[in-house]
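Asker: structural data only, the sequence is not supplied:
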């Protein structure tokens, strides 16, 4: 979990998609690519596999799939479970520039 702390302790927003491999991964990847392209280097966009990172998912109480979180400076700013479209995610992340 030390690496997770390093990932979220930056001064730009970090959008994290906690997903499971049985989810519609391709569709989700396309959405996150669009989000990352729109935000450029002003934010980080990360996917974390719940099954490969069970300890982290449990620590953050990730129960639904997918679960999105936005962190900035190590602090969670937003969290939502369920599918989100690219424009919604872009707008949410932009609030934390």
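Answerer: Ah, there it is. Computed from a predicted structure; not experimentally measured.

Asker: every contact and neighbour count from this point should use C-alpha atoms.
Answerer: OK.

Asker: can you give me the offset of the biggest helix by length in the chain from its chain's centre?
Answerer: Criterion DSSP state H: the longest helix present in the chain is helix 25-39. Helix 25-39 sits 11 Å away from the centroid of its parent chain (CA atoms, centre = their mean, to the nearest Å).

Asker: can you offset everything so residue one is 529?
Answerer: Fine by me, first position is 529 from now on; the one you just mentioned is helix 553-567.

Asker: buried residues, the helix or strand of the chain with the lowest mean pLDDT. List them.
Answerer: In the chain, no helix or strand scores lower on mean pLDDT, DSSP states H and E than helix 553-567, which sits at a mean of 84. Buried residues in helix 553-567, counted by 16 or more other CA atoms under 10 Å: 556, 559, 560, 562, 563, 564, 567.

Asker: which residues in this protein form strands?
Answerer: Along the chain, counting by DSSP state E, strands occupy 542-547, 572-577, 595-600, 603-609.
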